[in-house]
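In: A predicted structure for the sequence below; I have some questions about it.
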Amino acid sequence: MTLEQQVAEAAARAGGEVVARYFRDFANVAHEVKAGEPSYNRVSVADLESERTIVETIRQTFPDHAILAEEGHTAHSDAEHLWVIDPIDGTNNFLHGIPQFAVSVAYYRAGQAQCGVIFNPARNDWFIASRGEGAFHNGQQVRVAEHSRLNEVLVGLGFYYDRGAIMEATLAAMRDLFREHIHCIRRMGAATLDLCMVACGQIGAFFEYELSPWDFAAGRLFVEEAGGCVTTCDNRPLPLAKTHILASNGLLHQPMLDIVQRHLPK
């Protein structure tokens with residue numbers, strides 16, 4: 001295990017302990033709407049304290065590394081050594097008492113993901129991937145499912161915070177997926193964990209038309225190390241920036257592209 005992976009796990013655990021403490025009294029967690037955002041895009045004291053704790057843990061070992069995080073660290077994505085952090089992915093779930101949220105910590109070197117840790121402290125669920133070493137859920141190696149037809153799988157999706165063109169495009173793609181006789185749609189509210197579900201073979205694919213880098217920085221490596229495929233919704237390499245995303249088991253990537261690219265907002 002590399003030093004970076006050890007630190008990523010320690011940082012995710014420290015952040016997760018903060019989040020779990022607040023979740024025990026979720027109804028009374030102080031929160032507010034993010035500046036300039038709609039009422040459903042909120043940040044809580046738990047997000048802020050978790051991020052602060054994760055950053056402090058990383059900087060104890062790597063004081064000079066750059067950090068890109070959701071709530072206040074804005075390093076450039078092309079930094080030689082870069083940590084990408086989501087202190088709570090699924091804040092709305094967290095604030096409503098739904099235990100489907102996670103802390104996400106990823107380390108990138110020269111633009112390439114080296115290790116990623118996703119931790120759901122409510123369920124003590126660990127998803128850990130290291131480049132070239134595979135993907136592991138609670139210590140057990142996982143692989144994507146081998147389904148090759150859309151009518152064999154569940155499909156996950158996200159809406160981000162847009163209630164206009166992106167929402168309409170997502171609904172249109174969902175309609176076309178149902179016409180392909182998928183088993184059903186799953187909208188779970190935490191993209192980090194949705195990506196893990198692709199890697200673990202629980203869903204065949206996941207897409208979202210707008211997603212921030214901290215939401216997928218660790219999860220994309222987890223999918224790839226489990227044998228899956230991750231691109232943009234128009235089949236380009238995924239940038240470490242706000243973008244659209246399609247993750248699949250690989251066998252379903254083209255049939256998914258045929259649908260999600262058709263409805264991709266201009």
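Out: Received it, and whenever you're ready, just let me know what you need. Residues are numbered from 1 along each chain as shown.
In: show me how the record splits the chain into domains.
Out: Partitioning the chain according to automatic domain parsing yields domains covering residues 3-141, 150-260.
In: what about the last one, start to end distance?
Out: Distance between the two ends of domain 150-260: 13 Å, counting by C-alpha to C-alpha, to the nearest Å.
In: neighbours around the closest residue to Glu70 other than its chain neighbours, how many?
Out: In this structure, Glu70 finds its nearest non-sequential neighbour in Trp214, 4.9 Å apart by C-beta to C-beta, 6 or more residues apart in numbering. In short, each C-beta sits where N, CA and C put it, glycine included. Residue crowding around Trp214 was assessed by other C-beta atoms under 10 Å; the count is 25.
In: Trp214 in helix, strand or coil?
Out: Remark: Trp214 carries the secondary structure label helix [criterion: DSSP: H, G, I helix; E, B strand; the rest coil].
In: can you list the strands that the helix or strand that contains Val105 pairs with?
Out: For Val105, the host element (DSSP states H and E) is strand 102-109. Sheet neighbours of strand 102-109, with direction, are listed as strand 81-89 (antiparallel), strand 112-120 (antiparallel) (DSSP bridges).
In: deepest of those strands, which one?
Out: Relative to the other members of the strands paired with strand 102-109, strand 81-89 carries the highest mean neighbour count by mean count of other C-beta atoms under 10 Å, namely a mean of 27.
In: in JSON lines: the domains of the chain, plus distance to Lys266 and mean pLDDT.
Out: As requested, these are exported to JSON lines (distance: least, C-beta to C-beta, whole Å; pLDDT from 0 to 100):
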{"stretch": "domain 3-141", "distance to Lys266": "22", "mean pLDDT": "89"}
{"stretch": "domain 150-260", "distance to Lys266": "8", "mean pLDDT": "96"}
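In: I'm done for today, thanks for sticking with me.
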